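Chemist: The sequence isn't on hand, but the structure is:
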């Protein structure tokens with residue numbers, strides 16, 4: 001946790017897991033970055049840079065007006081993110 005939250009090693013591409021350096025630019029699959037307005041664990045300001053850190057051609061940020069648990073337990077969250 002210290003490496004991710006305090007040192008920000010993941011977003012700096014300096015995090016090492018199992019002796020392998022993690023590079024977010026290697027993420028090429030589509031990315032949906034969902035943020036909750038009242039998320040106190042990971043503020044939106046900390047999540048927004050993820051979109052620019054990956055190489056995915058399809059990237060999307062979405063903001064939920066609720067907390068993350070309320071979002072996850074919503075009746076049908078998939079409709080909210082259907083292709084437009």
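Modeler: Alright, I've got the coordinates. These numbers come from a predicted model, not from an experiment.
Chemist: low pLDDT regions in this structure?
Modeler: 68, 71-72, 74-84 (pLDDT under 70).
Chemist: does residue 39 really touch residue 67, like I thought?
Modeler: Yes. The pair residue 39 / residue 67 is scored as a contact, 6.4 Å apart, by CB atoms under 8 Å. Placement of C-beta: from N, CA and C, glycine included.
Chemist: measure residue 21 to residue 36 for me?
Modeler: 30 Å (CB to CB, to the nearest Å).
Chemist: more neighbours, these two?
Modeler: Remark: of residue 21 and residue 36, residue 36 carries more neighbours, 22 against 10, as counted by other CB atoms under 10 Å.
Chemist: For that one, name its beta-bridge partners.
Modeler: residue 64 (DSSP bridges).
Chemist: before we move on, the earlier item: would you mind telling me which of residue 39 and residue 67 has the busier surroundings?
Modeler: Neighbours were tallied for residue 39 and for residue 67 using other CB under 10 Å; the higher tally belongs to residue 39 (19 against 15).
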